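Peer 1: Compute the structure for the input listed below.
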Amino acid sequence: MSAERITRSAEQTSAVACDLARSLVAGDVVLLSGDLGAGKTAFVKGLALGLGVAPEDVSSPTFALLHEYTGGRLTIHHADLYRLAPEEVDDLGLDELAESGGVLAIEWPDRLTRPWERAVDVTLTHAGETTRRIRITDGRNR
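Peer 2: Coordinates of the predicted model:
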């Protein structure tokens with residue numbers, strides 16, 4: 001299944017993610033692709049809201065590489081692979097996080113050394129100063 005949405009603010013981008021979050025279950029992986037500033041972290045804030053986690057707790061893990069957000073229906077593991085070479089990604093233990101009972105959101109999945117099976121692929125592209133085109137492809141096979 002694939003869908004495309006146009007948003008005109010970070011709040012609208014978060015709302016799209018909040019809708020998606022309602023369908024997520026433990027073990028789901030969300031792959032977030034897009035240029036710098038495309039809204040990947042705003043999308044994760046919406047996932048947090050939809051899962052009952054305080055969206056204000058969400059920040060980009062560019063320098064920390066990985067953040068964990070708890071307190072909602074599911075824990076969110078939020079990884080940012082931007083600064084990593086593909087060979088460094090395997091050391092993060094992403095497979096184990098995906099199996100830990102929460103949701104794994106990965107920014108910059110092009111750094112992964114292999115395709116992730118049964119993931120939700122989200123691509124955010126600039127379509128104007130504040131406008132974003134969001135393409136969601138659900139590969140979970142449910």
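
Peer 1: Which phi and psi values does the nearest residue to Trp116 once chain neighbours are set aside adopt?
Peer 2: Closest residue to Trp116 apart from its sequence neighbours, by CB to CB, 6 or more residues apart in numbering: Val29 at 5.7 Å. Quick note: C-beta positions are derived from backbone N, CA and C, even for glycine. Main-chain torsions, Val29, degrees, to the nearest 10: phi -120, psi 130.

Peer 1: How much space separates Val29 from Glu56?
Peer 2: For Val29, the distance to Glu56 equals 24 Å [CB to CB, to the nearest Å].

Peer 1: the more surrounded of the two?
Peer 2: For Val29 versus Glu56, neighbours defined as other CB atoms under 10 Å are more numerous around Val29 (23 against 9).

Peer 1: right, and that one touches Pro115 too?
Peer 2: No: assessed by CB atoms under 8 Å, Val29 is found out of contact with Pro115, at 11.2 Å.

Peer 1: and the lowest-mean-pLDDT helix or strand in the chain, what does it pack onto?
Peer 2: Across the helices and strands of the chain, the lowest-confidence element by mean pLDDT, DSSP states H and E is helix 86-89, at a mean of 87. Using 3 or more CB pairs under 8 Å, 6 or more residues apart in numbering; DSSP states H and E as the contact criterion, helix 86-89 has no neighbours among helices and strands.

Peer 1: ok now that helix, how far from the chain's centre?
Peer 2: Here helix 86-89 is found 19 Å from its chain centre; the criterion is CA atoms, centre = their mean, to the nearest Å.

Peer 1: Give me the next element, helix or strand, following that helix.
Peer 2: On the C-terminal side of helix 86-89, the closest following helix or strand by DSSP states H and E is helix 94-98.

Peer 1: Which helix or strand contains the residue most central in space within the chain?
Peer 2: In the chain, the residue lying closest to the centroid (CA atoms, centre = their mean) is Ala105, at 3.6 Å. Assigned by DSSP H and E, Ala105 belongs to strand 103-107.

Peer 1: Which element is encountered next along the chain beyond that strand?
Peer 2: Next along from strand 103-107, by DSSP H and E: strand 120-126.
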